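>>> this is a predicted model, with the sequence first.
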Amino acid sequence: MLEFAITLARQTGDYISARSTTDFAVEHKGRIDLVTEVDKAAQERIVSAIERRFPDHGIVAEEGYRKDGGSGYTWIIDPLDGTTNYVHRLPVYAVSLALYRGESPLLGVCYNPAAGELFAAETGKGATRNGTPITVSTTTEFVDALVATGFPYRSQNLEKITARFFRVVTRAQGVRRLGAAALDLCYVACGVFDAFWEEGLAPWDMAAGALILKEAGGRITNLDGSPFDLARGTVIASNSRLHDDLLRCME
Ligand code: IPD
Ligand code: CA
Ligand code: CA
């Protein structure tokens, strides 16, 4: 199943990348929440490949597709994570695929076609980038940490969010807002970032990246430090050593 997911992510990402230099229609799902015809076409490709190969698997995909296959297996799919970047022709976006059995993740794959990076993990078997094992960073001091974040499309909570941002900016080495949460998690997994936090995310933004991070030795919780829950939509991800420092910035 991992090989199937890797091939599917690669084929879909390469399609998305090829379309990045063409015209494509853009629609608004919210004031600043965009979807393109490429998101939809990519999702269509992924869903039809899964349905052909695993007709009894369930599917939860961002652009409005849900199916309960009855087998207990569920694919959680973000066909194009980083749509705003993609619309602006910024080459930072990814295809994110995760497979769960019940509540437990089995595998996660995240492919960034513009950089040619494919992150993958299977539960209990570690995480890789382009086939090579990856681990989180060994940074121990928050002042040496490069930390990523993101801002929700819809928020009633802007004061809290900016206060947290202020605390991290003034305590860490630097803060980045990449625009693709699945990649933020993968970049913590491989030690590029030391930590990442965000709220207002959806399960498909995090499902693959969360497993890749855990398998790379990272730690992931909700924003209040409680055990990570895909449905909660908040995330603190770290190399584990800096987890408590980042948690303190969230108070
Ligand atoms: C978005 C990206 C972004 C995050 C947003 C997500 P999309 O996903 O992951 O980094 O800040 O909350 O919705 O819409 O590009 O798939
Ligand atoms: Ca997304
Ligand atoms: Ca998306």
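Good, I have the coordinates. Residues are numbered from 1 along each chain as shown. Ligands and ions are numbered 1, 2, ... in the order given.

>>> mind checking what secondary structure whichever residue of the stretch 151-251 of the chain sits closest to ligand 3 has?
Using Cβ to the ion, the closest approach of the stretch 151-251 of the chain to ligand 3 is made by residue 204 at 6.9 Å. Backbone N, C-alpha and C define where each C-beta goes, glycine included. What DSSP: H, G, I helix; E, B strand; the rest coil gives for residue 204 is helix.

>>> neighbours around it, how many?
23 (other Cβ atoms under 10 Å).

>>> cool, and residue 70?
Residue 70: 10 neighbours (other Cβ under 10 Å).

>>> next, the buried residues of stretch 59-71.
59, 60, 61, 62, 63, 67, 69 (16 or more other Cβ atoms under 10 Å).

>>> do stretch 116-135 as well
117, 118, 119, 120, 121, 122, 127, 128, 129, 134.

>>> just to revisit the earlier point, any chance of the buried residues of stretch 59-71 in TSV with pLDDT, distance to residue 179 and secondary structure as columns?
As requested, the buried residues of stretch 59-71 are exported to TSV (pLDDT from 0 to 100; distance: Cβ to Cβ, whole Å; DSSP: H, G, I helix; E, B strand; the rest coil):
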residue	pLDDT	distance to residue 179	secondary structure
59	98	25	strand
60	98	22	strand
61	98	20	strand
62	98	15	coil
63	97	18	coil
67	96	29	strand
69	92	32	coil
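
>>> tell me if residue 156 really is in a helix.
No. Using three-state DSSP, the assignment for residue 156 is coil, not a helix.

>>> separation between it and residue 199?
Applying Cβ to Cβ, to the nearest Å, the value for residue 156 to residue 199 is 11 Å.
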